[in-house]
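J.: Starting from these lines, generate the structure:
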Amino acid sequence: MKSLILNTATQPIIPSGVASRRSFMGSASMLSAGAVALLAGKDSLAQAMGGDMSKDAAILNVALGLEHEAINAYQLGALSGLLQKPVLDIAVSFQSHHKAHRDALIATIQKMGGTPVAEKKIDDYAKALKADTLKNQGDVLDLAARLELGAINAYLGVIPAFGSKDLAKIAGRLAADETMHFTILTNALGRPLPSGALSFGA
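T.: Predicted structure coming up:
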(Lines give C-alpha, C1' and ligand atoms only; values in the text may rest on other atoms or scores of the structure.)
Protein backbone atom coordinates (compact mmCIF):
# COMPACT_ATOMS: atom_id res chain seq x y z
CA MET A 1 0.00 0.00 0.00
CA LYS A 2 1.21 3.49 -0.75
CA SER A 3 2.14 5.89 2.03
CA LEU A 4 -0.52 8.27 3.19
CA ILE A 5 -0.37 11.73 1.78
CA LEU A 6 -0.59 15.23 2.65
CA ASN A 7 -2.51 17.80 4.30
CA THR A 8 -4.50 20.81 4.26
CA ALA A 9 -7.36 22.24 6.01
CA THR A 10 -9.89 24.10 3.98
CA GLN A 11 -12.12 23.24 1.06
CA PRO A 12 -13.05 26.23 -1.12
CA ILE A 13 -14.12 23.96 -3.96
CA ILE A 14 -16.31 21.67 -1.86
CA PRO A 15 -19.63 23.20 -0.88
CA SER A 16 -19.94 21.24 2.37
CA GLY A 17 -16.37 22.09 3.31
CA VAL A 18 -16.90 25.75 2.58
CA ALA A 19 -19.95 25.88 4.78
CA SER A 20 -18.21 24.04 7.61
CA ARG A 21 -15.12 26.22 7.48
CA ARG A 22 -17.17 29.41 7.37
CA SER A 23 -19.17 28.12 10.31
CA PHE A 24 -15.98 27.49 12.25
CA MET A 25 -14.38 30.81 11.37
CA GLY A 26 -17.57 32.66 12.14
CA SER A 27 -17.85 31.13 15.59
CA ALA A 28 -14.18 30.78 16.56
CA SER A 29 -14.07 34.31 17.93
CA MET A 30 -16.67 33.24 20.51
CA LEU A 31 -14.34 30.70 22.14
CA SER A 32 -14.08 31.21 25.88
CA ALA A 33 -10.90 32.34 27.58
CA GLY A 34 -10.57 28.84 29.04
CA ALA A 35 -10.68 27.28 25.58
CA VAL A 36 -8.04 29.69 24.34
CA ALA A 37 -5.85 28.81 27.32
CA LEU A 38 -6.15 25.10 26.52
CA LEU A 39 -5.32 25.66 22.85
CA ALA A 40 -2.28 27.65 23.94
CA GLY A 41 -1.17 24.75 26.16
CA LYS A 42 -1.92 26.56 29.43
CA ASP A 43 -3.94 23.87 31.21
CA SER A 44 -3.57 25.24 34.73
CA LEU A 45 -4.80 28.67 33.64
CA ALA A 46 -7.80 27.07 31.92
CA GLN A 47 -8.68 25.12 35.07
CA ALA A 48 -8.54 28.29 37.14
CA MET A 49 -11.01 29.97 34.78
CA GLY A 50 -13.55 27.16 35.02
CA GLY A 51 -16.88 27.59 33.25
CA ASP A 52 -18.86 25.55 30.75
CA MET A 53 -16.78 24.70 27.70
CA SER A 54 -19.35 22.55 25.88
CA LYS A 55 -19.95 25.24 23.23
CA ASP A 56 -16.21 25.65 22.75
CA ALA A 57 -15.83 21.91 22.23
CA ALA A 58 -18.55 21.99 19.56
CA ILE A 59 -16.79 24.84 17.72
CA LEU A 60 -13.47 23.03 17.80
CA ASN A 61 -15.13 19.85 16.59
CA VAL A 62 -16.01 21.67 13.36
CA ALA A 63 -12.32 22.47 12.89
CA LEU A 64 -11.44 18.87 13.72
CA GLY A 65 -13.86 17.61 11.09
CA LEU A 66 -12.12 19.78 8.52
CA GLU A 67 -8.74 18.36 9.51
CA HIS A 68 -10.10 14.83 9.12
CA GLU A 69 -11.37 15.77 5.67
CA ALA A 70 -8.06 17.30 4.65
CA ILE A 71 -5.97 14.35 5.79
CA ASN A 72 -8.23 11.93 3.95
CA ALA A 73 -8.26 14.07 0.83
CA TYR A 74 -4.55 13.68 0.50
CA GLN A 75 -4.65 10.06 1.50
CA LEU A 76 -6.80 9.55 -1.57
CA GLY A 77 -4.19 11.32 -3.66
CA ALA A 78 -1.44 9.12 -2.31
CA LEU A 79 -3.37 5.90 -2.70
CA SER A 80 -4.19 6.82 -6.29
CA GLY A 81 -0.64 5.97 -7.33
CA LEU A 82 -0.48 9.21 -9.32
CA LEU A 83 2.28 10.84 -7.26
CA GLN A 84 5.93 10.28 -8.07
CA LYS A 85 8.26 9.42 -5.20
CA PRO A 86 9.73 12.87 -4.43
CA VAL A 87 6.29 14.49 -4.55
CA LEU A 88 4.77 11.75 -2.43
CA ASP A 89 7.45 12.28 0.24
CA ILE A 90 6.64 15.98 0.45
CA ALA A 91 2.93 15.19 0.54
CA VAL A 92 3.44 12.82 3.47
CA SER A 93 5.32 15.56 5.30
CA PHE A 94 2.49 18.01 4.72
CA GLN A 95 -0.04 15.48 5.95
CA SER A 96 1.95 15.09 9.15
CA HIS A 97 1.44 18.80 9.83
CA HIS A 98 -2.30 18.38 9.55
CA LYS A 99 -2.19 15.32 11.75
CA ALA A 100 -0.50 17.49 14.36
CA HIS A 101 -3.32 20.05 13.98
CA ARG A 102 -5.83 17.22 14.38
CA ASP A 103 -4.10 15.79 17.45
CA ALA A 104 -3.96 19.20 19.14
CA LEU A 105 -7.67 19.70 18.53
CA ILE A 106 -8.53 16.23 19.83
CA ALA A 107 -6.50 16.78 23.00
CA THR A 108 -8.11 20.17 23.61
CA ILE A 109 -11.65 18.87 23.04
CA GLN A 110 -11.02 15.98 25.43
CA LYS A 111 -9.65 18.32 28.09
CA MET A 112 -12.88 20.28 27.77
CA GLY A 113 -14.82 17.10 28.50
CA GLY A 114 -16.09 16.86 24.93
CA THR A 115 -16.10 13.96 22.50
CA PRO A 116 -13.95 14.52 19.39
CA VAL A 117 -15.87 14.12 16.15
CA ALA A 118 -15.08 10.81 14.45
CA GLU A 119 -13.40 10.45 11.10
CA LYS A 120 -15.70 9.43 8.26
CA LYS A 121 -15.12 6.52 5.91
CA ILE A 122 -12.64 7.07 3.10
CA ASP A 123 -15.40 6.52 0.53
CA ASP A 124 -17.30 9.51 1.92
CA TYR A 125 -14.29 11.76 1.43
CA ALA A 126 -13.67 10.32 -2.03
CA LYS A 127 -17.20 11.25 -3.08
CA ALA A 128 -17.04 14.76 -1.58
CA LEU A 129 -13.67 15.49 -3.18
CA LYS A 130 -14.61 13.91 -6.51
CA ALA A 131 -11.51 11.74 -6.34
CA ASP A 132 -12.59 9.92 -9.48
CA THR A 133 -11.71 13.04 -11.49
CA LEU A 134 -8.02 12.91 -10.48
CA LYS A 135 -6.24 11.56 -13.54
CA ASN A 136 -2.59 12.52 -13.02
CA GLN A 137 -0.12 14.05 -10.58
CA GLY A 138 -0.98 17.56 -11.73
CA ASP A 139 -4.63 17.02 -10.84
CA VAL A 140 -3.70 15.95 -7.31
CA LEU A 141 -1.32 18.89 -6.82
CA ASP A 142 -3.86 21.33 -8.22
CA LEU A 143 -6.50 20.12 -5.77
CA ALA A 144 -4.02 20.38 -2.90
CA ALA A 145 -2.95 23.89 -3.88
CA ARG A 146 -6.55 25.10 -4.04
CA LEU A 147 -7.30 23.60 -0.64
CA GLU A 148 -4.20 25.20 0.85
CA LEU A 149 -5.04 28.61 -0.58
CA GLY A 150 -8.51 28.41 0.91
CA ALA A 151 -7.00 27.50 4.28
CA ILE A 152 -4.59 30.43 4.18
CA ASN A 153 -7.32 32.95 3.48
CA ALA A 154 -9.71 31.46 6.04
CA TYR A 155 -7.21 31.54 8.90
CA LEU A 156 -5.91 35.00 8.03
CA GLY A 157 -9.46 36.29 7.63
CA VAL A 158 -10.51 35.27 11.12
CA ILE A 159 -7.50 36.71 13.00
CA PRO A 160 -8.95 40.25 13.32
CA ALA A 161 -12.07 38.84 15.00
CA PHE A 162 -10.13 37.34 17.90
CA GLY A 163 -10.03 39.30 21.12
CA SER A 164 -7.36 36.93 22.41
CA LYS A 165 -3.79 37.36 21.24
CA ASP A 166 -3.14 33.68 22.00
CA LEU A 167 -5.91 32.49 19.70
CA ALA A 168 -4.89 34.95 17.00
CA LYS A 169 -1.35 33.59 17.24
CA ILE A 170 -2.59 30.02 16.82
CA ALA A 171 -4.56 31.00 13.70
CA GLY A 172 -1.49 32.80 12.38
CA ARG A 173 0.69 29.74 12.89
CA LEU A 174 -1.85 27.56 11.09
CA ALA A 175 -1.94 30.04 8.22
CA ALA A 176 1.86 29.93 8.06
CA ASP A 177 1.79 26.14 7.67
CA GLU A 178 -0.75 26.43 4.88
CA THR A 179 1.26 29.16 3.14
CA MET A 180 4.37 26.99 3.14
CA HIS A 181 2.37 24.13 1.64
CA PHE A 182 0.78 26.33 -1.02
CA THR A 183 4.14 27.79 -2.05
CA ILE A 184 5.76 24.38 -2.49
CA LEU A 185 2.77 22.97 -4.35
CA THR A 186 2.62 25.97 -6.67
CA ASN A 187 6.31 25.55 -7.43
CA ALA A 188 5.85 21.83 -8.09
CA LEU A 189 3.10 22.67 -10.58
CA GLY A 190 5.50 24.99 -12.40
CA ARG A 191 3.28 27.97 -11.77
CA PRO A 192 4.56 31.44 -10.88
CA LEU A 193 4.27 32.48 -7.28
CA PRO A 194 2.16 35.56 -6.51
CA SER A 195 4.07 38.53 -7.89
CA GLY A 196 2.73 41.21 -5.59
CA ALA A 197 3.07 41.84 -1.89
CA LEU A 198 0.16 41.14 0.48
CA SER A 199 -1.15 38.41 -1.80
CA PHE A 200 -2.96 36.42 0.88
CA GLY A 201 -5.89 37.12 3.13
CA ALA A 202 -7.38 39.91 1.04
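
J.: from here on, contacts and neighbour counts on C-alpha atoms
T.: Noted.

J.: Nearest spatial neighbour of Ala168, chain-adjacent residues omitted?
T.: Residue nearest to Ala168 in three dimensions, not counting chain neighbours: Ile159, with 5.1 Å by CA to CA, 6 or more residues apart in numbering.

J.: And for that neighbour, the neighbour number?
T.: Counted with other CA atoms under 10 Å, residues neighbouring Ile159 total 21.

J.: so it sits right up against Ile170, yeah?
T.: No - at 9.1 Å, Ile159 does not count as touching Ile170 under the criterion of CA atoms under 8 Å.

J.: which residue ranges form the strands in this structure?
T.: Counting by DSSP state E, the chain has no strands at all.

J.: hmm, back to that, got a list of what the residue nearest to Ala168 touches?
T.: 168, 171-172 (CA atoms under 8 Å, 6 or more residues apart in numbering).

J.: ok, those vs His98, which is closest?
T.: Ala171 (13.5 Å; CA to CA).

J.: Residue ranges in the chain under the pLDDT threshold?
T.: By pLDDT under 70, the weakly predicted segments of the chain are 1-56, 161-164, 167.

J.: ok, now with 80
T.: 1-60, 62-63, 66, 112, 151, 154-155, 157-168, 170-171, 202 (pLDDT under 80).
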